[in-house]
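Got a sequence here, can you model it:
(one chain, ligands or ions: 1)
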Amino acid sequence: MLGLGEHSRKIYISALVIFAFLVGLGFSFFVISFYPSAQENTYYRPVSPESTEGISLLGSMLKKYHLTLEECNELMGTLERENKILREERNLVFNPECKTGKLAEFSEENIRDAMDPGIVRNLAVSVVSPNSENPVISLHRYVYENVKYVDDPRGEEYIATPCETLLTGGGDCEDHAILLASMLESVGIDAKIVWLKNTHTLVGIETSEEINQEIEELQGCGNPLWLDHDGTKLLLADTSFAPCPGQVENIYVERSEEEWGWKDGYEVVVFDV
Ligand SMILES: [Ca+2]
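Coordinates of the predicted model:
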């Protein structure tokens, strides 16, 4: 019995040793498996998908286009800005306040009715350049590049809202003018409608003449035209014709190096909106 008991005790001790060994092995495995990830979570936080994308895009642009870091940052800023503009354009599509225009005669009242700075405010804010470029130039360029010139229905006058002109991507001169004036007013710039009676519609913008220099420095923009109106000077803007403010088609104006004037027969009416 004693011998058998001794034997059982040995077996029992051996089993304990094996069990302890297995527990130790399991613990070691646990530590090896989980400790590094615990450490990683504490000290090496994974980067967000956006920043990973940003880093890889930045890196690939630097390599592919041989850009300097400054040039690259500028390009990244442009991409980010374009995304903001796209987002605001998409928001407009789903905005229940986005109203359509109407068949109506051209009148100060109907033009004013169509004006809607509120609906285009967010888009205008996104379009305004984050650098020092004058907002008038940014907004003018945006309308010129995104809205083509399309005539009204034959024999009728259709006055579109700014929202509708943006969504359809087209309109005639007064639709362009209503859109540009609404976007300008929405970011605090005073805009007026300049009507060449029964012929053409432009925007007149009260800004400082300092913008002249900036416009002249833009490639292909030349010397901007200003209209004297009741003691104030209005920068003329026609997005259905020119990419920069201050340009008016030669069919409407005669100009020399120093001065310019409307061609004979055009009666000009300016009204607030
Ligand atoms: Ca129209």
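
Identify the residues contacting residue 68.
By CB atoms under 8 Å, 6 or more residues apart in numbering, no residues touch residue 68. (Each C-beta comes from the backbone N, C-alpha and C, glycine too.)

which stretches of the stretch 101-250 of the chain form strands?
For the stretch 101-250 of the chain, the strands defined by DSSP state E, counting those that start in this stretch cover 102-103, 148-149, 158-159, 170-171, 191-196, 200-205, 226-229, 232-237.

So is the fifth one next to the ion?
No - residues of strand 191-196 contacting the ion under CB under 5 Å from the ion: none, with a closest distance of 12.8 Å.

now that strand: how far from the chain's centre is it?
Its chain's C-alpha centre lies 26 Å from the corresponding centre of strand 191-196 when counted by CA atoms, centre = their mean, to the nearest Å.

Please point out which parts of that strand sit buried.
By 16 or more other CB atoms under 10 Å, the buried positions in strand 191-196 come out as 191, 192, 193, 194, 195, 196.

Make CSV from those and add pLDDT and distance to residue 178 to it.
As requested, these are exported to CSV (pLDDT from 0 to 100; distance: CB to CB, whole Å):
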residue, pLDDT, distance to residue 178
191, 96, 10
192, 97, 12
193, 97, 8
194, 97, 13
195, 96, 12
196, 94, 16
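
Would you mind measuring from residue 176 to the ion?
Separation of residue 176 from the ion (CB to the ion, to the nearest Å): 9 Å.

how near is that residue to residue 147?
6 Å (CB to CB, to the nearest Å).

contacting residues around residue 110?
Applying CB under 8 Å, 6+ apart to residue 110 gives the contacts 102, 104, 159.

sorry, back to before: which of the strands of the stretch 101-250 of the chain sits most buried?
Counting by mean count of other CB atoms under 10 Å, strand 200-205 has the highest mean neighbour count of those, with a mean of 25.

Pull up the pairing partners for it, direction included.
Each strand that pairs with strand 200-205, with its direction, by DSSP bridges: strand 191-196 (antiparallel), strand 232-237 (antiparallel).

count of residues packed around residue 271?
14 (other CB atoms under 10 Å).

related to what we said a few turns ago, among the strands paired with strand 200-205, which comes closest to residue 253?
Proximity to residue 253 (CB to CB) singles out strand 232-237 among the strands paired with strand 200-205, at 8.9 Å.

related to what we said a few turns ago, common neighbours of residue 176 and residue 147, please.
Contacts common to residue 176 and residue 147, judged by CB under 8 Å, 6+ apart, are 165, 239, 240.

what residues are up against the second one?
Taking CB under 8 Å, 6+ apart as the definition of contact, the neighbours of residue 239 are 140, 143, 144, 147, 176, 177, 179, 180, 203.

10 Å - rerun?
By CB atoms under 10 Å, 6 or more residues apart in numbering, the residues touching residue 239 are 139-147, 149, 171, 173, 175-177, 179-180, 202-203, 245, 247.

From those residues, list the buried ones, please.
139-144, 146-147, 171, 173, 175-177, 179-180, 202-203, 245, 247.

Which stretches in this protein count as helices?
2-43, 49-65, 69-93, 108-114, 117-127, 135-146, 162-168, 173-186, 210-217 (DSSP state H).

how many neighbours does the nearest residue to residue 117 once chain neighbours are set aside have?
In space, and not counting its chain neighbours, residue 117 is closest to residue 186: 3.8 Å by CB to CB, 6 or more residues apart in numbering. Close neighbours of residue 186, defined as other CB under 10 Å, add up to 21.

Correct me if wrong: residue 186 contacts residue 163.
No - contact criterion CB atoms under 10 Å: residue 186 and residue 163 do not qualify, at 11.9 Å.

Identify the contacts common to those two.
Shared contacts of residue 186 and residue 163, defined by CB under 10 Å, 6+ apart, are found at 116, 118, 119, 120, 123.

Name the nearest of those relative to the ion.
Nearest to the ion among the shared contacts of residue 186 and residue 163 is residue 116, at 14.9 Å by CB to the ion.

Since that was my last question, I'll sign off now.
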